[in-house]
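**Q** What follows is a protein structure lacking sequence information:
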């Protein structure tokens, strides 16, 4: 019986094994594709929402009739609001707001100033409000403390009317022609520059 020498054993142990095949690169599972698409779409919407010009947000109702609605009054001495009020032959500014909305507090002084602007009365323009998803007692307290600029206020407690208008988030302001056609939509708080450079030109255009 032959016996292998130590040198032969050492040589056999030192012999490298055959090279293992390189692992194949992993492919991205198709299950992640919807997530990637969702993130891309949300990123685009985020950029559009905060690109510094909220009025550029699209609205499917522009140049179309305001949706049908009939909202109860917030105050006993101020009427509620319905779509019929937007078809009385005069331009209407519809401001959708809420007491829980921080930017609404920011724009309220401008709305109060607008309601007192002599041009508004001279041109027969109405400024009305829709209290969006807000408890009536909170809305009344808010307007009582900070000023009520509206000639009519409708309570949209469920948010249904806001949805029908295509609200992105309060505050939003609409300029509506005398026949009820939505001529302009502005998303975000109104400041002095917005009033003069956006709202008033749209009012003048809507009157023609």
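**A** Here it is on my side, so go on. These numbers were taken from a predicted model, which means no experiment stands behind them.
**Q** show me where the protein has helices.
**A** Ranges of helices in the chain, per DSSP state H, are 6-14, 33-49, 102-115, 118-122, 136-146, 160-165, 192-194, 200-207.
**Q** okay, these in JSON lines with mean pLDDT next?
**A** Below are these laid out as JSON lines (pLDDT from 0 to 100):
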{"stretch": "helix 6-14", "mean pLDDT": "49"}
{"stretch": "helix 33-49", "mean pLDDT": "61"}
{"stretch": "helix 102-115", "mean pLDDT": "96"}
{"stretch": "helix 118-122", "mean pLDDT": "91"}
{"stretch": "helix 136-146", "mean pLDDT": "98"}
{"stretch": "helix 160-165", "mean pLDDT": "96"}
{"stretch": "helix 192-194", "mean pLDDT": "93"}
{"stretch": "helix 200-207", "mean pLDDT": "93"}
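**Q** Spatially central residue in this protein, please.
**A** residue 168 (2.1 Å; CA atoms, centre = their mean).
**Q** shouldn't that one be in contact with residue 187?
**A** Yes - when contacts are counted by CB atoms under 8 Å, residue 168 is listed as touching residue 187 (5.4 Å). No exception for glycine: its C-beta is placed from N, CA and C like everyone else's.
**Q** Out of the helices of the chain, flag the one nearest residue 85.
**A** Nearest of the helices of the chain to residue 85, taken as CB to CB: helix 160-165 at 12.6 Å.
**Q** Give me the contacts around that closest one.
**A** For helix 160-165, contacts defined as CB atoms under 8 Å, 6 or more residues apart in numbering pick out 61, 66-69, 71, 96, 130, 132-133, 154, 156, 170, 172, 174.
**Q** 7 Å instead, please
**A** Applying CB atoms under 7 Å, 6 or more residues apart in numbering, the external contacts of helix 160-165 come out as 61, 67, 69, 71, 96, 130, 132, 156.
**Q** wait, residue 172 sits on residue 189?
**A** No - using CB atoms under 7 Å as the test, residue 172 is too far from residue 189 to be in contact (10.1 Å).
**Q** Next up, the contacts around the spatially closest residue to residue 158 that is not a sequence neighbour.
**A** Sequence neighbours aside, residue 133 is the residue nearest to residue 158 in space, at 7.5 Å (criterion: CB to CB, 6 or more residues apart in numbering). By CB under 7 Å, 6+ apart, the contact set of residue 133 is 98, 156-157, 159.
**Q** Isn't the residue nearest to the centre of the chain up against residue 186?
**A** No - applying CB under 7 Å, one finds residue 168 not in contact with residue 186, separated by 10.9 Å.
**Q** got the contact list for residue 154?
**A** For residue 154, the contacting residues are 71-72, 80-81, 130, by CB under 7 Å, 6+ apart.
**Q** Could you check how far the closest residue to it other than its chain neighbours is from residue 86?
**A** Of all residues not flanking residue 154 in the chain, residue 71 sits nearest, at 2.8 Å (CB to CB, 6+ apart). From residue 71 over to residue 86 the distance is 12 Å, taken as CB to CB, to the nearest Å.
**Q** Buried only: go through the contacts of residue 133 for me.
**A** The neighbour count (16 or more other CB atoms under 10 Å) marks 98, 156 as buried among the contacts of residue 133.
**Q** Measure how far stretch 160-178 is from the centre of its chain, please.
**A** The chain centroid and the centroid of stretch 160-178 are separated by 10 Å under CA atoms, centre = their mean, to the nearest Å.
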